[in-house]
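>>> Would you be able to build a 3D model of this:
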Amino acid sequence: MLTVAVLISGTGSNLRALLDAAADPGYPAHVVVVGADREAEGFSHAEEYGIPSFMVPWAQFASREEWGAELGAQLDVWKPDLVVLSGLMRLLPASLVDRWAPRIINTHPAYLPEFPGAHGVRDALAAGVDQTGASVIIVDNGVDSGPILAQERVPVLPGDDEHALHDRIKPVERRLLIDVVRRIATGDLDLAVAASASSAS
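Numbers count the residues shown, from 1 in each chain. Prediction:
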């Protein structure tokens, strides 16, 4: 059984989807802890499922490195096989990424490498494209620049605003995340191989 830590900053909608999937006895992964960089609404999902949680408040640390060191210490308590970033709105320090690589994954509401960064949906609309998408990636030390594990196109419809488009992307993100975690758990997807293939290309 693959053990998973999920890190959030807000409502934790991807976390909720993963918890719901993991409630199926046939799903080969289990969320062992939920962490956040602030008091997050998503903690309610962890509480409902009886999953332990922790908080490492960004504002209480003098630097990203100090915050990342404490975050790493909390993860060490649980020793998860995989760390999933689920709307965590902080860049992890390189020291933490390097230590866990390639076992940190993230979802992004765009068809990477298109529209990286915190405003992928807004940027797609501003660019006037007729399609965007959702991606699941291995986290590296860039901004949404890691190896792509799964992605799918989502059309941009006439009259879409940021909210409407994001609402259509989110279910795709969740489905991709659940499938990627399943594939990692069953051995159908090897993160080390995926990372090596990306660096070699």
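>>> quick one: the helices in the protein?
Here the chain has its helices, by DSSP state H, at 13-22, 43-48, 64-78, 94-100, 120-127, 162-186, 191-200.
>>> what's the spacing between the fifth one and its chain's center?
Think helix 120-127. Remark: helix 120-127 is offset 20 Å from the chain centroid, using Cα atoms, centre = their mean, to the nearest Å.
>>> next one: the first one
For helix 13-22, the distance from its own C-alpha centre to the chain's C-alpha centre is 12 Å (Cα atoms, centre = their mean).
>>> The longest one too?
Relative to its parent chain, helix 162-186 has a centroid offset of 10 Å by Cα atoms, centre = their mean.
>>> same question, the last one
Here the centre of mass of C-alpha atoms in helix 191-200, compared against the chain's by Cα atoms, centre = their mean, lies 18 Å away.
>>> and the direction of that helix versus that of helix 162-186, what angle?
Angle of helix 191-200 versus helix 162-186, following axes from the mean of the first three to the mean of the last three Cα atoms, to 10 degrees, is 120 degrees.
>>> neighbouring contacts of helix 191-200?
Residues from elsewhere that reach helix 191-200, judged by Cβ atoms under 8 Å, 6 or more residues apart in numbering: 101-103, 105, 138, 146-149, 184. In this view, the C-beta of every residue, glycine as well, is placed from N, C-alpha and C.
>>> redo that, cut-off 10 Å
81-82, 101-105, 137-138, 140, 145-149, 180, 183-184, 190 (Cβ atoms under 10 Å, 6 or more residues apart in numbering).
>>> tell me the mean pLDDT for it?
The pLDDT scores in helix 191-200 average 84.
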